Each structure stands twice: as structure tokens, then as C-alpha cells.
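A.B. asks: 3D, please:
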Amino acid sequence: HLIANKNLIDNLQEKIYGKNSFEIPRYIIVNENGQILNLKAERPSSGGKLIAELNNYFK
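C.D. replies: Purely as a prediction, here's the structure:
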């Protein structure tokens, strides 16, 4: 979980979303190599849905 400051928001906007807008808060799953696995991950409050999603990526 990371709180985005202005620099991070600008960086995400430029590198991931281009000219499209994006919502904050936004949950993104990134692997250990920095590869984005999911730009619209489940919220931590979703409980079992998030755990199942993470298990699919990190077996």
C-alpha cells in the first residue's frame, strides 16, 4: 500500500495511463521485477477477492 504524492501521480499518469484519466485510490499489482500485473486490482477491503487475485499471480 502506497500513498501517492504529486510526483508519483504524474509519473503514473505519463507512463501508464498516457492522456487518459485515472481514479485515486487505485490499487495496482506489481511483481518483483516492476512489471504491472493488474491496473485495477481489488481493494484491500475486498478480503477474499484480493487474496484470490494475489494467489493467481503469486503461486
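
A.B. asks: the strands in the protein, which residues?
C.D. replies: Ranges of strands within the chain are 29-30, 36-38, based on DSSP state E.

A.B. asks: Can you list the strands that the last one pairs with?
C.D. replies: Strand 36-38 has these partner strands in its sheet, going by DSSP bridges: strand 29-30 (antiparallel).

A.B. asks: Need the winner for burial among the strands of the chain.
C.D. replies: Highest mean neighbour count of the strands of the chain: strand 29-30, a mean of 16 (counted as mean count of other Cβ atoms under 10 Å). (Each C-beta comes from the backbone N, C-alpha and C, glycine too.)

A.B. asks: Off-centre distance for it?
C.D. replies: From the chain centre to the centre of strand 29-30 is a distance of 5 Å (Cα atoms, centre = their mean, to the nearest Å).

A.B. asks: Show me the contact partners of that strand.
C.D. replies: 36-38, 41, 53-54, 57 (Cβ atoms under 8 Å, 6 or more residues apart in numbering).

A.B. asks: ok so, going back, with mean pLDDT and distance to Lys49 as new columns, can the strands of the chain be given to me in TSV?
C.D. replies: Putting those into TSV (pLDDT from 0 to 100; distance: least, Cβ to Cβ, whole Å) gives the following:
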stretch	mean pLDDT	distance to Lys49
strand 29-30	88	13
strand 36-38	88	12
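
A.B. asks: all helices of this protein, in order?
C.D. replies: 6-12, 48-57 (DSSP state H).
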